[in-house]
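> fold the following and give me the result.
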Amino acid sequence: MTPGMISLLFGVHAHQPVGNFASVIDDAHERCYRPFLQTMLRYPEFRFAAHFSGWLLGDLLERFPADMEMLATMVRRGQVELFGAGDCEPVLAAIPARDRAAQLEALSARLERAFGVRPRGAWLTERVWEPTVVSSLTGAGIRYVVVDDYHFLCTGRGVDELDGYFATEEDGVALDVFPISEQLRYRLPFAPADESVAWLEALARDGRAGAIYFDDIEKFGIWPETYEWVYNKGWLARFVESVLASPVITTDTFEGFHARHRSRGVVYLPTTSYIEMNEWTLPVAAARGFGELAQRERDAGRYETSKAFVRGGIWRNFFSRYPESNWMHKRMLGVSGRLAALGHAHPDADSLRATLHRAQANDAYWHGLFGGLYLPHLRRSVWHELITLESALDRAGAPAASDAGDVDLDGRTEHFLASGALLAVVRDDGHACVHEFDARAVGQNFADTLARRPEAYHRRIGEAADHAHAAGGEGIASAHDRVDFKHEILPEDLEADARPRAVALDAIDGPAGAARVELDAYRLLARDGASIEFEHALGAGRIVKRVSVDGPTLAFEWRLAGLAGRRLRTRLNLAMPSCDGYSGRYVLDDGSIPCGFGQPLALAGAARLTLEDGAIGAGVRVACVPPAAVACAPYHTVSLSEAGFEKIMQAAVVDLAFDVGADDATVRVELGVVA
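Got it, this is the predicted structure:
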């Protein structure tokens, strides 16, 4: 390349989580994917790279073929380089090596079928780098990947060195890595187009060979304010035209740059992700300490030189922080092992593997400004695929999993109680409640509820929202800098749970005037096939709790001795797909409908109550013997997304209360899955 010229390597990453609402994808397509492609199609000389996650690409090819033909046109004329990745956007480091290879090949084959090319470059989900992924990438034909420049700064490299690609290796297998410019990532598309181009031209004058950008395409139309800014006000067209008009900037594909330039040398990157992710992975106290340390460095004017040493956590910390994520992950590893044992020769191996790939989609396993752990429909999608796959493996005769063991490595044994229709998992943790309640016919885990816990960003709720996001200058604010509210947040909305959000969590009222006792010290008595018994001592009293499954029914039975005159309470946290939407409702025994899941409900004495959910065409019928006092209410958590703070309904809470009328009494609750 001519001295004094700089190559702009511009890449965009398009992704929607597996299981996301069709309306969300339609909106993203209308406000981002289509106008972006329409704009770029007008400028054949502007070369760039694009990565579409496989599940999203399949949906767009099926429903919007004309728009995907625009992408195909740009590929054919050499304007666009397509990047690979895991097909359903897993974090490669968090899945078994055999699944990494299969996921990478699945997307490469999809791209070859649709566009006639196989990728040489790959996008790493959330830029999570662990050296163990090198051999999987190279084995799939990948020659280079993109990660953040922060990865390189952590090795001691300076920003001025990061204008090309470097080589790394693991166990003698080599792979090249490009550093994404954080400064460019924060400028595009938020700063005015001419300012961004002037900044690139200044890099050229400094002798830089390349400027590397690769980030979410959703920043070009979906993030707050960006559609108006990027398209209606013409930012994207102005940026492209200004780059093409510049005498010192040329655009290139990564493949072209890689072919024309030599490696800048060898580098060994640490296990890390982008710097914001490293903060999100930390527990609350540590995350706040991290943020305060980073702010002190900024205030002192040292941050740009010290941030490489301001290290947070790693992506896998999410499994430590969130038991719900850890449980999904370890269950996924279990079914992956069963599928591998079934072997490739099985006639259904390909379809079963595709189901596993959808269950490995990253979004529901983590939480940050963009992660989807707090979104019930994304967790539900993972559970649906896991339950579907597990049922298919049973039918296919795959080696059976153990019915007891410490699956999630928390030091407690989980017991699996199964019938042909149901699976219930009871953890020996003192609560004697159900943590997983799978209805196989509809692929729904009715116990998939996220506990309410503190988050480091909750303290920002007290800050006044700054609605003049770009006051004092042109441009718009990044989602990282906004404080907005989608809902009113009250102090009680932030109260952390002291107990897990599970099914049949017990308490008992004390004698007259005495406090309620939470029953958290159940001791395992016996396990017999599809049933398990626990015992809880209460002074001279005693409770034996039996949990069992039979056909489509999950049953709880309490035998109480020496507790006359007291009141037994149990709480059912039931994850209903409709949440507070219009298709979720309570149905009384006479067929009447008092309200939906989003409203409270109180019944003085009920023998039966059905939670009917139109989203899955099924529900849960609660049958009580003797009849119970019932109190139902929606349960919400508070989280932060790019659109602001929001309350999300996680479960319908059904509280049941039974008066204990004799020293020897029995209470029974049946949860029957009904279609």
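> please make it C-alpha for all contacts and neighbour counts, starting now.
OK.
> remind me, longest strand of the protein?
Selection of the longest strand in the chain by residue count, based on DSSP state E, yields strand 618-641.
> residue contacts, R100?
The neighbourhood of R100, defined by C-alpha atoms under 8 Å, 6 or more residues apart in numbering, consists of G86, L92, S136.
> same check on D493?
With contact set as C-alpha under 8 Å, 6+ apart, D493 has these partners: H636, T637, V638.
> and those, which is closest to L611?
L611 lies nearest to H636 out of the contacts of D493, by C-alpha to C-alpha, at 17.7 Å.
> can you count the residues close to the closest one?
Counted by other C-alpha atoms under 10 Å, the residues lying close to H636 total 20.
> that one pairs with what?
Applying DSSP bridges to H636 gives these bridge partners: M649.
> how much space between it and D438?
22 Å (C-alpha to C-alpha, to the nearest Å).
> can I get the CA coordinates of the longest strand of the chain in CSV?
Output of strand 618-641 as CSV, limited to C-alpha atoms (Å, rounded to 0.1, in the frame of the first residue of the first chain):
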residue,chain,number,x,y,z
ALA,A,618,-51.0,-26.0,28.0
GLY,A,619,-51.0,-25.2,31.6
VAL,A,620,-50.6,-26.4,35.2
ARG,A,621,-53.6,-27.5,37.3
VAL,A,622,-53.0,-27.1,41.0
ALA,A,623,-55.1,-29.5,43.1
CYS,A,624,-55.1,-29.2,46.9
VAL,A,625,-56.3,-31.7,49.6
PRO,A,626,-57.6,-30.2,51.8
PRO,A,627,-58.6,-27.0,50.0
ALA,A,628,-56.1,-24.2,50.5
ALA,A,629,-56.1,-20.4,51.0
VAL,A,630,-54.6,-19.2,47.8
ALA,A,631,-52.7,-16.0,47.0
CYS,A,632,-51.3,-15.4,43.5
ALA,A,633,-49.1,-12.6,42.3
PRO,A,634,-46.7,-11.8,39.5
TYR,A,635,-43.0,-11.8,40.4
HIS,A,636,-40.7,-9.3,38.7
THR,A,637,-36.9,-8.7,38.6
VAL,A,638,-35.2,-5.4,37.7
SER,A,639,-32.5,-5.4,35.0
LEU,A,640,-30.7,-3.0,32.7
SER,A,641,-30.6,-3.2,28.9
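> would you mind pulling up the elements that that strand packs against?
Strand 618-641 is packed against strand 601-613, strand 644-659, strand 664-674, with contacts defined by 3 or more C-alpha pairs under 8 Å, 6 or more residues apart in numbering; DSSP states H and E.
> by contact count, what packs against the second one?
Judged by 3+ C-alpha pairs under 8 Å, 6+ apart, strand 644-659 is in contact with strand 567-574, strand 618-641.
> what angle do it and strand 664-674 make?
Between strand 644-659 and strand 664-674, the angle comes out at 140 degrees (axes from the mean of the first three to the mean of the last three C-alpha atoms, to 10 degrees).
> ok, L37 - how many residues close by?
Residues near L37, counting by other C-alpha under 10 Å, number 16.
> mind checking pLDDT for it?
L37 is assigned a pLDDT of 98 by the prediction.
> next one: the one 10 residues further on
At R47, the predicted lDDT confidence score is 98.
> what about it, distance to L162?
As for R47, its distance to L162 is 21 Å (criterion: C-alpha to C-alpha).
> can you redo the contacts of D493 as JSON lines with pLDDT and distance to A66?
Converted to JSON lines, these look like this (pLDDT from 0 to 100; distance: C-alpha to C-alpha, whole Å):
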{"residue": "H636", "pLDDT": "96", "distance to A66": "41"}
{"residue": "T637", "pLDDT": "96", "distance to A66": "40"}
{"residue": "V638", "pLDDT": "92", "distance to A66": "40"}
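> now those as CSV including distance to E105?
Shown next, in CSV, are the contacts of D493 (distance: C-alpha to C-alpha, whole Å):
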residue, distance to E105
H636, 40
T637, 38
V638, 38
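> picking that back up, turn the helices and strands packed on strand 644-659 into CSV, columns for distance to E81.
Converted to CSV, those look like this (distance: least, C-alpha to C-alpha, whole Å):
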stretch, distance to E81
strand 567-574, 46
strand 618-641, 30
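> with respect to V660, which of those lies nearest?
V660 sits nearest to strand 567-574 of all those, at 5.6 Å, using C-alpha to C-alpha.
> each with direction, which strands does that closest one pair with?
Partners of strand 567-574 in the sheet, by DSSP bridges, are strand 503-508 (antiparallel), strand 644-659 (antiparallel).
> right, and the helix or strand after the shortest one?
In this case it means strand 503-508. strand 517-518 (DSSP states H and E).
> show me what that following strand is packed up against.
strand 503-508.
> single out the most deeply packed of the helices and strands packed on strand 618-641.
Highest mean neighbour count of the helices and strands packed on strand 618-641: strand 644-659, a mean of 22 (counted as mean count of other C-alpha atoms under 10 Å).
> so for that one, what's the average pLDDT?
94.
> low pLDDT regions in this structure?
Applying pLDDT under 70 to the chain flags the ranges 1-3, 462-487, 513, 642-643.
> distance from the chain centre to stretch 52-59, please.
Here stretch 52-59 is found 17 Å from its chain centre; the criterion is C-alpha atoms, centre = their mean, to the nearest Å.
> hmm, who's touching that stretch?
Residues outside stretch 52-59 that contact it (C-alpha under 8 Å, 6+ apart): 13-18, 83, 85-89, 107, 110.
> repeat that for stretch 228-239.
For stretch 228-239, contacts defined as C-alpha under 8 Å, 6+ apart pick out P35, T39, P189, P192, A193, D194, S196, V197, F220, G221, I476.
> neighbour count for those - can I get that in TSV?
Shown next, in TSV, are these (neighbours: other C-alpha atoms under 10 Å):
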residue	neighbour count
P35	19
T39	14
P189	23
P192	19
A193	24
D194	14
S196	19
V197	19
F220	27
G221	24
I476	18
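> now the residues you listed in CSV, with secondary structure?
Shown next, in CSV, are those (DSSP: H, G, I helix; E, B strand; the rest coil):
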residue, secondary structure
P35, helix
T39, helix
P189, coil
P192, coil
A193, helix
D194, helix
S196, helix
V197, helix
F220, coil
G221, coil
I476, coil
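> what's the closest of those residues to V587?
V587 lies nearest to G221 out of the contacts of stretch 228-239, by C-alpha to C-alpha, at 42.3 Å.
> how close does the closest one get to D520?
50 Å.
> rewinding a little: can you tell me which of the contacts of D493 comes closest to L450?
Nearest to L450 among the contacts of D493, with distances taken as C-alpha to C-alpha, is T637, at 8.1 Å.
> I'd say R501 and L450 touch.
Yes: in this structure R501 lies within contact range of L450 using C-alpha atoms under 8 Å: 6.6 Å.
> how about the strands in the stretch 101-250 of the chain?
Remark: strands assigned in the stretch 101-250 of the chain by DSSP state E, counting those that start in this stretch are 121-123, 144-148, 166-170, 173-180, 210-216, 249-252.
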